[in-house]
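Participant: Turn this into a model:
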Amino acid sequence: MLYNRDLSWLGFNHRVLQEAKDKQVPLYERLKFLAIFSSNLDEFFRVRYPAVVAFSKLDKKTRRKESLLDEDDVAEKIQHAISVQLDEFGDILINDLIPRLKQEQIFFYYNQPILPQHSAEIKEIFLSKVLSFIQPIFLGPDTAFNFLPENNQIYLIVTIKDPLKDTISHVAINIPSKKLKRLFVLSPIGDMQYVVFIDDIIRENISMLFPGKNIQSMYSIKFNRDAELKLNDEYSVDFLDKIEKQLSKREVGMASRFLFEKGMPANLQFFLASMFKVNVSDMFEGGRYHNLSDLMDFPSFNPGLHYKKQVPILHPPATASGDIFNSIAQRDVLLHLPYHSYTPVLSFFNQAAVDADVTEIYITLYRVAAESHIVNALISAAKNGKKVTAFIELKARFDEANNIKWSRVMKKAGVRLIYSDPNIKVHSKIALVKKKVGNTELSYAVLSTGNFNESTASFYTDHVLMTTNPDVYKELDNLFQFMQKKKADIEKQHLKFNELFVSQFNLLPDFEKLIQAEIKKAKQGLPARIRIKVNNIEEPYFINLLYKASEAGVKVELIIRSICCLIPEHEKFSEHITVKRIVDKYLEHTRLFIFGEDENAVVAMGSSDLMTRNLRRRIEVCINVKDPMCRQQLLDYFAMQWADNDKAVRILSNMESLRLLPEGIQHNAQKDIYAYLQKIS
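Facilitator: Purely as a prediction, here's the structure:
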């Protein structure tokens, strides 16, 4: 039995919404959780919903065979769940957060009349800043040939009447929130601060666009469009150009959701749907304002309404002296982000770029920062005459353009670029640096659960292991050499891994052996335990292995952030499986695998989630962590997460979430981990 992945993901997004509802969360952070919920939902409609709709159109026999939920109405369940969540979203914002903002002397104009004191100021903003970016489009029979609403672009559909000609026209007015701020701060009145949407600035002055015409109605709309790139399977040297061309089409791809303001007359809805070729099933009623992910940038007036700043711990302390290579040579370094500072990782690449003894650098890049210090270090290294090889993934969804930009800059600087095969994503987060001191060659390896991205490192939880272990280095070096081979050679070569678990090779088979070992212990009456923390678990074969472990009596503890197709605590097949989900200040992103009891446990960390794509269609790398100190930290890390009774929920057998209530001492995993690392660093 497997649960539908999309319904499970919606359960995760609902958990995000609960943080916006939590009165213990600082006010501005609650607004940000609303923004995250909204952004997540937009991505769902771009990435997953088109597949859901396509699936719903298959015949019943095929649907029952292929669906992860043995029912015919998955699309209806998804639509219902989204509708309920959006109602809750509106209730939280309108009836809770906006009144609380007002209590803090912040007035948010949200579907409210503009005060007379602000009328002149809003008109001045419209004339001096907004008007030049507005491009009215009259909608008619020929419009579809030269105008297609862009993805996530908000429009006002204005119906105007010409009193002289007695004619009615519909006009699309773009809201230029991509060119300008979405939220403007107006002059305070007394002690009250005022914030207004650019939408309302335009609404207030719309008559200036149509002199002599009567404004009949005005409704906001937006489209989400299918984000899938249509690429040929075969590899080509101009693959980068192909992706770039497809990116330009993505913003005007097939509509996956047509969102319209509540109250829009049905005849206007269907006029727009017909003009822009939208199916009725893809039409959704929304509120007055769309793209509420923009609440992430709500103007701040009071630092006390945010989370308190947490200073990252510098580890190892010797990093401050500027010699990270010496620290790694003394013993393995394990970082726990964002509790630890990202400085050692940046130092690793920055020092490698200028160290005269460094000869070669290898790295995989999946999602890099917009202004990446690491990529700039690679460029510097190449200019300094070092051999730099970067495996860059051009198909990292929504980061393709940024990766293409950096790939061109790196290539120009002399970095050797290798793009992954179109059929296989390189999702691993690994790097190697080779040094030659006299006749001695030294090698340093970095393995991470998250991307080499200093931006996300400040709010994603991840582990980074830095080591000089020669066995690890050798296996990583072999993998890097393998990934440079042409497709014809790939099928001939068979690598062996003992220190690493690598998808396409040994990851799934070796994990299966570890699970079977725990099953054997349980059948012998010995303590048997499996602990896993990942973002998603969806792969049917792996889930069935865990079901078998549970049936044998193995205690299975899973921390799954979002998609969970495994059904826990079912009396027939998963009685001994417990699943928890944690949503808090930082985005839980670590991938951690523990097989066995503490003293004899195999402890692994790496890039792989437990989805079919990770285990069967990507290059993922996990490492068997053997350094006693690092290993113990990971065991303690999981224990603190499992003990969380503040932000954790338990997933029940009906896939509903049960909020854990503190029994005795309250434990917040993210706070406890920070305190723990302060003591041991």
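
Participant: Run through the helices of the stretch 501-650 of the chain in chain order.
Facilitator: 507-523, 540-551, 612-616, 628-642 (DSSP state H, counting those that start in this stretch).

Participant: Go through the longest one and flag the buried ones.
Facilitator: Meaning helix 507-523. Using 16 or more other CB atoms under 10 Å as the test for burial, helix 507-523 gives L507, L508, D510, F511, L514, I515, E518, I519, K521, A522. The way it works is simple: take the backbone N, C-alpha and C, and place the C-beta from them, glycine included.

Participant: Now render those residues as a markdown table, adding pLDDT and distance to K485.
Facilitator: A markdown table is the format used below for those (pLDDT from 0 to 100; distance: CB to CB, whole Å):
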| residue | pLDDT | distance to K485 |
| --- | --- | --- |
| L507 | 96 | 19 |
| L508 | 97 | 22 |
| D510 | 97 | 23 |
| F511 | 98 | 25 |
| L514 | 98 | 29 |
| I515 | 98 | 31 |
| E518 | 98 | 36 |
| I519 | 98 | 37 |
| K521 | 97 | 40 |
| A522 | 97 | 42 |
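
Participant: Check these against L127 and report the nearest one.
Facilitator: Nearest to L127 among these: L507, at 60.7 Å, using CB to CB.

Participant: Please report the number of neighbouring residues for the residue nearest to the closest one when sequence neighbours are not counted.
Facilitator: Computed as CB to CB, 6 or more residues apart in numbering, the closest residue to L507 that is not its neighbour in sequence is F501, at 4.2 Å. Counted by other CB atoms under 10 Å, the residues lying close to F501 total 24.

Participant: E124 too?
Facilitator: As a burial measure, E124 scores 10 neighbours (other CB under 10 Å).

Participant: could you give the mean pLDDT of whichever strand or helix holds it?
Facilitator: For E124, the host element (DSSP states H and E) is helix 116-125. Averaged across helix 116-125, the pLDDT comes to 97.

Participant: got TSV for the buried residues of helix 507-523, with distance to L660 too?
Facilitator: Converted to TSV, the buried residues of helix 507-523 look like this (distance: CB to CB, whole Å):
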residue	distance to L660
L507	32
L508	32
D510	33
F511	28
L514	28
I515	27
E518	26
I519	28
K521	28
A522	26
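
Participant: looking at this protein, which residue lies furthest from center?
Facilitator: L164 (53.4 Å; CA atoms, centre = their mean).

Participant: want to try CSV for the helices of the stretch 501-650 of the chain, with distance to L2 as columns?
Facilitator: Below are the helices of the stretch 501-650 of the chain laid out as CSV (distance: least, CB to CB, whole Å):
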stretch, distance to L2
helix 507-523, 17
helix 540-551, 6
helix 612-616, 12
helix 628-642, 24
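
Participant: Least reliable of the ones you listed by average pLDDT, please.
Facilitator: Among the helices of the stretch 501-650 of the chain, helix 612-616 scores lowest, with a mean of 92.

Participant: tell me which strands and helices that one is in contact with?
Facilitator: helix 507-523 (3 or more CB pairs under 8 Å, 6 or more residues apart in numbering; DSSP states H and E).

Participant: what's in contact with the helix it packs on?
Facilitator: Helix 507-523 is contacted from outside by 501, 527-530, 541-542, 545-546, 548-549, 552-554, 593, 595-596, 602, 608, 615-616, 620, 622, using CB atoms under 8 Å, 6 or more residues apart in numbering.

Participant: can you rerun that using 6 Å?
Facilitator: For helix 507-523, contacts defined as CB atoms under 6 Å, 6 or more residues apart in numbering pick out F501, A528, I530, L545, A549, A552, G553, V554, F595, V602, L615.

Participant: Quickly note the distance from the fifth one to R531.
Facilitator: For A549, the distance to R531 (CB to CB, to the nearest Å) stands at 12 Å.

Participant: In the protein, spot the strand with the most residues.
Facilitator: The residue-count maximum for a strand in the chain (DSSP state E) belongs to strand 214-225.

Participant: Send me stretch 664-678 as PDB with only the CA atoms.
Facilitator: Extracted as PDB, the C-alpha positions of stretch 664-678 are listed here (Å, rounded to 0.1, in the frame of the first residue of the first chain):
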ATOM      1  CA  GLY A 664       7.200  17.200  30.700                       C
ATOM      2  CA  ILE A 665      10.200  19.000  29.100                       C
ATOM      3  CA  GLN A 666       9.500  20.800  25.800                       C
ATOM      4  CA  HIS A 667      12.100  20.000  23.100                       C
ATOM      5  CA  ASN A 668      12.700  22.100  20.100                       C
ATOM      6  CA  ALA A 669      15.100  20.200  17.800                       C
ATOM      7  CA  GLN A 670      16.600  23.300  16.100                       C
ATOM      8  CA  LYS A 671      17.200  25.000  19.400                       C
ATOM      9  CA  ASP A 672      18.600  21.900  21.100                       C
ATOM     10  CA  ILE A 673      21.000  21.200  18.200                       C
ATOM     11  CA  TYR A 674      22.400  24.700  18.300                       C
ATOM     12  CA  ALA A 675      22.900  24.500  22.100                       C
ATOM     13  CA  TYR A 676      24.500  21.000  21.700                       C
ATOM     14  CA  LEU A 677      26.900  22.200  19.000                       C
ATOM     15  CA  GLN A 678      27.900  25.300  21.100                       C
END
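
Participant: ok, back up a step: look up the residues forming beta bridges with the residue nearest to L507.
Facilitator: Applying DSSP bridges to F501 gives these bridge partners: C622.

Participant: Show the pLDDT at it.
Facilitator: pLDDT at F501 comes out at 98.

Participant: where do the helices sit along the stretch 51-200 of the chain?
Facilitator: 60-66, 74-92, 98-103, 116-125, 198-204.

Participant: Which of those sits closest to S428?
Facilitator: Closest approach to S428 among these (CB to CB): helix 60-66, 29.6 Å.

Participant: picking up where we left off before, S217: which of the helices of the stretch 51-200 of the chain is closest?
Facilitator: helix 198-204 (11.6 Å).

Participant: Please work out the average pLDDT along that closest one.
Facilitator: 97.

Participant: where does this protein have low pLDDT?
Facilitator: For the chain, the stretches with pLDDT under 70 are 55-72, 143-146, 227-253, 320-321, 394-400, 422-423, 486-493.
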